[in-house]
Structures are given as structure tokens and as C-alpha cells.
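Visitor: no sequence on this one, just coordinates:
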């Protein structure tokens, strides 16, 4: 089994492009309109919205652009991203005004970042080989 993609909400296309395309460097692969009838059948909501697919060779994120308020996920819901330099990634996010949490744990620390719409990401560093 292989993970194909994850889905999150964003209040605007600009916020999604800034975070996923800009800060994470994931190219926008596709943009489609999810019609209200299909949204109702899949997600029990009649709301039409734009869906953006950002992806690279390792990871894909489907972003549902709600055009307004996004719903908060449960307290433990998060995605984990593996990057080459987690401190640099955290500094970049911090510089763009995102909430960055550096949590001491043993001799190291955990890093969690919230995107512009409150989606939570754990940032791990690629293990050195």
C-alpha cells in the first residue's frame, strides 16, 4: 500500500499557493472545480469549491479552497513532513508569520507549524545516512 495524497482546507488560493507552493516548494500540478452535486455526494456539503493539487515526487496535497472560514480538525490531527533542515524550515515559516512551536524533547526538539489556515504540520529532519 502507498499513500496517494492527503486533503486539507484553505480559505483562499493565495494562502494555499503561498504555503504549499512557496514555502514548501511543491509545484501546483492541477486545479479543478468540485461541483456542488459531487461535493454533496462525497462530503455531504453542497458547496462548490476549487481544488488545488500540489505535489512533488514524494508527496501530494489536495487543497480544498473554501473561500471563507475553514473547519478546525481534531486536536491530534496533523501531517508530518520530512525536510533536509528542520530548523531552516521552521525559521522560514516563522519569517512568514506562521505559528511555529519548538518543543524540547530530550537532547533535541520537536517542531510543529500551523499553515495560514490552521492546519498542523510536524517537521522532521531527513535522517543522515
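Guide: That came in fine, so what should we check first? In this text, all values refer to a predicted model and were calculated from it rather than measured experimentally.
Visitor: ok, which stretches of the protein are helices?
Guide: 13-16, 36-43, 86-95 (DSSP state H).
Visitor: which elements pack onto the longest one?
Guide: The elements that helix 86-95 packs onto, with contact taken as 3 or more C-beta pairs under 8 Å, 6 or more residues apart in numbering; DSSP states H and E, are strand 99-105, strand 108-114, strand 120-125. Placement of C-beta: from N, CA and C, glycine included.
Visitor: okay, now residue 60: neighbour count?
Guide: The local packing of residue 60 (other C-beta atoms under 10 Å) involves 17 other residues.
Visitor: what's opposite it in the beta bridge?
Guide: Beta bridges link residue 60 to residue 55 when assigned by DSSP bridges.
Visitor: format the helices of the chain as CSV; extra columns: distance to residue 64.
Guide: Shown next, in CSV, are those (distance: least, C-beta to C-beta, whole Å):
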stretch, distance to residue 64
helix 13-16, 9
helix 36-43, 9
helix 86-95, 22
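Visitor: any idea which of those helices gets closest to residue 103?
Guide: helix 86-95 (11.3 Å; C-beta to C-beta).
Visitor: quick one, what contacts residue 122?
Guide: The neighbourhood of residue 122, defined by C-beta atoms under 8 Å, 6 or more residues apart in numbering, consists of 78-81, 110-112.
Visitor: next: residue 96.
Guide: 18, 23.
Visitor: and if we set it to 10 Å?
Guide: 18-19, 22-23, 113, 115-116 (C-beta atoms under 10 Å, 6 or more residues apart in numbering).
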